[in-house]
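In: 3D model of this:
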Amino acid sequence: MRTILQPFYTAWVLVTFIACLLAAFPVFFIIALFNSVWARRTIWRVIRYWSIGWLWLIGMPVRVLGNRPPGDKYVIVANHISYLDTLVIFPAIRFYFRALGKYEMSRVPILGFIYKQVVILVKRDNPHNRARSMRLMWRVLHRESSIIVFPEGTFNEGNTPLKDFYDGAFRLAINAQTPILPILFPDTPDRWHYSAWWKLWPGKNRAVYLDPINTTGLEAGDLPALKEKVYKIMEAELVRLGYNTCSAI
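Out: Got it, this is the predicted structure:
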């Protein structure tokens, strides 16, 4: 039955997404002309409320579990295995944030324009650009908002709950003396599997908050231990939640 219905469901998801994107683009374009913190916050707010409604419309509502911390500034880290992760973060996180995102996505017509308004772009294969992105994230943390990073860097296509983490998020947290807030998305591979863009299927999306991890007093030499600590906490909780990286629709 799923094999028969999945193409129709995928078509419904794509049609509603494209229709919403085209309808909202003039609004985003006008707001983006102001090129200010206010403009970015406004675009973030519109995306957040739209994503809540759209995910409900397509049968993928987000349910938040765990204790949501106060709306302070954090370096937020999350697991990454689905295209859906970058959308689920908006209903999951109530307070304003900016994300670290791949430069390549900014080249997608229409969507790329909106993408550039809410993320900090990075070219991972360019050391100079990575350093520039790190400096920009530090300024954003101090002056504007929290930062969310997928420390695995790309989809986890292996057999373990998490890929090895990059250092960036943890170096940023130490340099800025900002707590790390881990969030887990255990259901997104069942909603939209990374192996193919058409592997979509409705159902709940849990967003699980873990306790913030303090970085006050930590120095550069503490980075490996901090990264390992966060990795083990997230890995253990994913296992407890029954997370399966190999699940496919």
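In: In space, not sequence, find me the middle residue of the chain.
Out: Thr86 (4.0 Å; CA atoms, centre = their mean).
In: so how far is the helix or strand containing it off the chain centroid?
Out: According to DSSP states H and E, Thr86 maps onto helix 85-92. Offset of helix 85-92 from its chain centre (CA atoms, centre = their mean, to the nearest Å): 6 Å.
In: same check, this time on stretch 44-51
Out: Distance of stretch 44-51 from its chain centroid, counting by CA atoms, centre = their mean, is 14 Å.
In: do the same with stretch 49-67
Out: 14 Å.
In: residues making contact with the helix or strand just after the helix holding Thr86?
Out: Moving toward the C-terminus from helix 85-92, the next helix or strand (DSSP H and E) is strand 97-102. Contact with strand 97-102 is made by 40, 44, 76, 86, 89, 115, 118-122, 124, 133, 137, 140, 144-150, 168, as judged by CB atoms under 8 Å, 6 or more residues apart in numbering. Quick note: C-beta positions are derived from backbone N, CA and C, even for glycine.
In: Select only the buried ones of these in PyMOL?
Out: PyMOL command restricting the contacts of strand 97-102 to the buried ones, with burial defined by 16 or more other CB atoms under 10 Å:
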select buried, resi 40+44+76+86+89+115+118+119+120+121+122+133+137+140+145+146+147+148+149+150+168
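In: What about the contacts of strand 97-102, which are in strands?
Out: Ile76, Val119, Ile120, Leu121, Val122, Ser146, Ile147, Ile148, Val149 (DSSP state E).
In: all strands for the chain, in order.
Out: Using DSSP E, strands in the chain cover 62-65, 75-78, 97-102, 119-122, 146-149, 180-184, 205-209.
In: where do the helices sit along the protein?
Out: In the chain, the helices defined using DSSP state H lie at 2-32, 37-57, 85-92, 111-118, 127-143, 168-176, 188-191, 223-240.
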